[in-house]
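Trainee: kindly generate the corresponding structure for this input.
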Amino acid sequence: MYGYISGVGLKSLLLPQGRRGHVHLLHGAPNVVLGKTLRHALERYFAGIEVDFSDIPLDLEDGTPFRREVWLAARAIPWGQTISYAGLAQRMGRSAGAARAVGQALGANPIPIVIPCHRILGADGSLGGFSSGLSWKRELLHIEGYDQHGA
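Mentor: Got it, this is the predicted structure:
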């Protein structure tokens, strides 16, 4: 897993194809503490321990205003809970018809896990898409105790 921390906050997190491994974070000297905090939180997350990433500052400056709005709305979805793309659009005060635009914004999410786009599903409970691949989405949901077949 690779991440980049800017002077503002976490800017990107890349989930590698294949199995998870060590967390490699690129950051400047002022962000050593944030790097250690994030690494520890991710280790706990992958151990199946509920983690709240809300204290991790983010650098979302590269996103459009709509994308940032979607990413922040997704960030508010708690551990182990899911919502549909249309439900997230409605939570943002938009019509359910904005579900496709919400999905596209989530597909451009630069910080998976911390912005938990894996928690957004199709209206019928299907996984939908995930920029790092559906195997990652399944694994992340499984870590959080979500059972797609029991839902």
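
Trainee: use CA for all of it now, contacts and neighbours both
Mentor: Fine.

Trainee: buried set for stretch 108-125?
Mentor: 109-122 (16 or more other Cα atoms under 10 Å).

Trainee: quick check, nearest of those residues to T64?
Mentor: N109 (11.2 Å; Cα to Cα).

Trainee: ok so that closest one is a strand residue?
Mentor: No - according to DSSP: H, G, I helix; E, B strand; the rest coil, the state of N109 is coil, so it is not within a strand.

Trainee: quick check: it vs I49, distance?
Mentor: As judged by Cα to Cα, to the nearest Å, N109 and I49 stand 23 Å apart.

Trainee: now H40
Mentor: In this view, H40 and I49 are 11 Å apart by Cα to Cα.

Trainee: what about the helices in this protein?
Mentor: When assigned using DSSP state H, the helices of the chain occupy the ranges 32-46, 65-75, 85-91, 99-107, 134-143.

Trainee: which one of those helices is the most hemmed in?
Mentor: Highest mean neighbour count among the helices of the chain (mean count of other Cα atoms under 10 Å): helix 85-91, with a mean of 21.

Trainee: give me the helices and strands touching it, please.
Mentor: Helix 85-91 sits against helix 65-75, helix 99-107, strand 120-121, with contacts defined as 3 or more Cα pairs under 8 Å, 6 or more residues apart in numbering; DSSP states H and E.

Trainee: doesn't E144 make contact with E50?
Mentor: Yes - with contacts counted by Cα atoms under 8 Å, E50 reaches E144, the gap being 7.4 Å.

Trainee: list residues touching both of the two?
Mentor: Jointly contacting E50 and E144 under the rule Cα atoms under 8 Å, 6 or more residues apart in numbering are W79.
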